[in-house]
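Participant: Need coordinates for the below:
(one chain, ligands or ions: 1)
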Amino acid sequence: MTTIRIVGTGSCLPKQVVTNDDLAKIMDTSDEWISSRTGIRERHLVINETTAEMSAEAAEQALLEAGMKAEELDLIILGTVSGDHVTPSTACEVQSKIGAVNAVAFDINAACSGFMFAMNTAYAYIQSGIYQNALIIGAETLSKIMDWTDRSTCVLFGDGAGAAVVKADETGLIRFVQNSDGAKGMVLACQNRLNNNPLVENSKDLHYVDMDGQEVYKFAVSTVPASINQVLEEAGLAVSDIKYFLLHQANMRIIQSVAKRLKADPDKFPTTLEHYANTSAASVPILLDEVNKKGMLQKGDKLVLAGFGGGLTWSAAVLEW
Ligand code: UT7
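Facilitator: Residues are numbered from 1 along each chain as shown. Sure thing, here's the model as predicted:
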């Protein structure tokens, strides 16, 4: 049966690096607090770069590795909660920047699961024969939707973009699971702009990310191992069959807890969060690109990808490289 195979990856981080010590100069925090609770030591934050520019750079790298021209793309799906415009979508901006004149492009809002949901959506289109290939992207400039007076949240996030090109093939994505639980959505929320029509009286400014960190932590450490176990069981595979688990990079303690619950070797969980912090939808494809560019993947390796976050949303996938 037709599935999708990843044939190219790419990533882009903004130039400016901001360390925990840098943050400690502008707010009441410390490297000790941030690194001991999260594993994060620094993050990249945009100054002039945009979500679309970083996405286009990541996309060009992925196309290069895939040996494809942008005009050959059928589909562009981009996961983000921090696009540059409400409209056009960031995916349409990327289409224009890279010259993917024959593609259809749209964004997906599944927060930190955005890249996973983009991949699963591309699978559905390609598996059904509607399209033959897709560019899937996760990209964020979260720094513009952070409340920089809320030290419990703003220190956790960073900006960046990651991309992959997928093509119809006989092997590749083996199985995925995806879920959402809207009833718990407000534990990680960011209000859109307030309605300023003349009939509405606005009282509270909620334009920034508002997170109940402990609730998100509890959600992550229970749903992520459960969804990975489910996808492995449905694929007829065991934890020991998997070379790497590429998890959404939110918190080192979450990743260690998942490894423990799966009874998996922690060395099978590569990380980038020390340097990039939590880049939401971008974290899984940035990590995938790093692992790929370091030459850590051989044809036939089995990988698990997993994302979780706002919505609430979560997804796990097992694939053959
Ligand atoms: O993509 C998903 C994104 N979300 C997440 O990954 C969040 C998951 N949750 C977490 O990672 C953890 O809950 C946090 C790292 C956010 C927080 O860790 P915690 O151990 O749950 O800390 P806490 O919220 O219980 O706060 C402990 C103390 C508080 O002080 P008091 O009330 O005990 O005096 C906070 O005010 O730490 C204080 N605090 C800070 N201190 C220094 C909160 N943020 C900071 C900070 N620097 N940046």
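
Participant: For the ligand, what is the nearest residue in this structure?
Facilitator: residue 213 (2.9 Å; C-beta to the nearest ligand atom). The way it works is simple: take the backbone N, C-alpha and C, and place the C-beta from them, glycine included.

Participant: Centre-most residue in the chain?
Facilitator: residue 281 (2.4 Å; C-alpha atoms, centre = their mean).

Participant: Run a quick neighbour tally on residue 257.
Facilitator: Look at residue 257: counted by other C-beta atoms under 10 Å, it has 17 neighbours.

Participant: Ok, residue 128 next?
Facilitator: 9.

Participant: now swap in residue 119 and tell me
Facilitator: Residue 119 is flanked by 28 other residues according to other C-beta under 10 Å.

Participant: how about the strands in the chain?
Facilitator: 3-12, 16-19, 42-45, 75-79, 104-108, 133-140, 160-169, 173-180, 188-190, 209-211, 244-247, 302-309, 313-320 (DSSP state E).

Participant: Pick the most buried one from the ones you listed.
Facilitator: Comparing the strands of the chain by mean neighbour count (mean count of other C-beta atoms under 10 Å), strand 133-140 comes out on top with a mean of 32.

Participant: Note down every partner strand of that one and its orientation.
Facilitator: Strand 133-140 has the following strand partners under DSSP bridges: strand 75-79 (parallel), strand 160-169 (antiparallel).

Participant: so can I have CSV of the strands of the chain showing mean pLDDT and distance to residue 66?
Facilitator: Shown next, in CSV, are the strands of the chain (pLDDT from 0 to 100; distance: least, C-beta to C-beta, whole Å):
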stretch, mean pLDDT, distance to residue 66
strand 3-12, 98, 3
strand 16-19, 98, 29
strand 42-45, 98, 25
strand 75-79, 98, 13
strand 104-108, 98, 17
strand 133-140, 98, 8
strand 160-169, 98, 4
strand 173-180, 98, 16
strand 188-190, 94, 33
strand 209-211, 93, 34
strand 244-247, 98, 19
strand 302-309, 98, 18
strand 313-320, 98, 16
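
Participant: So which of those strands is nearest residue 57?
Facilitator: In this view, the strands of the chain are compared for proximity to residue 57 by C-beta to C-beta, and strand 3-12 is the closest at 4.0 Å.

Participant: Quick one: list the elements packing against that closest one.
Facilitator: helix 51-66, helix 114-127, strand 160-169, strand 173-180, helix 283-293 (3 or more C-beta pairs under 8 Å, 6 or more residues apart in numbering; DSSP states H and E).

Participant: need those in a markdown table with distance to residue 307, can you?
Facilitator: A markdown table is the format used below for the helices and strands packed on strand 3-12 (distance: least, C-beta to C-beta, whole Å):
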| stretch | distance to residue 307 |
| --- | --- |
| helix 51-66 | 17 |
| helix 114-127 | 4 |
| strand 160-169 | 12 |
| strand 173-180 | 9 |
| helix 283-293 | 5 |
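
Participant: which bits of the stretch 201-321 of the chain sit near the ligand?
Facilitator: Taking C-beta under 6 Å from any ligand atom as the contact definition, the stretch 201-321 of the chain meets the ligand at 211, 213, 214, 216, 217, 250, 251, 278, 309.

Participant: ok so, going back, now for the helices and strands packed on strand 3-12, which one comes closest to residue 99?
Facilitator: That would be helix 51-66 among these, by C-beta to C-beta, at 9.9 Å.
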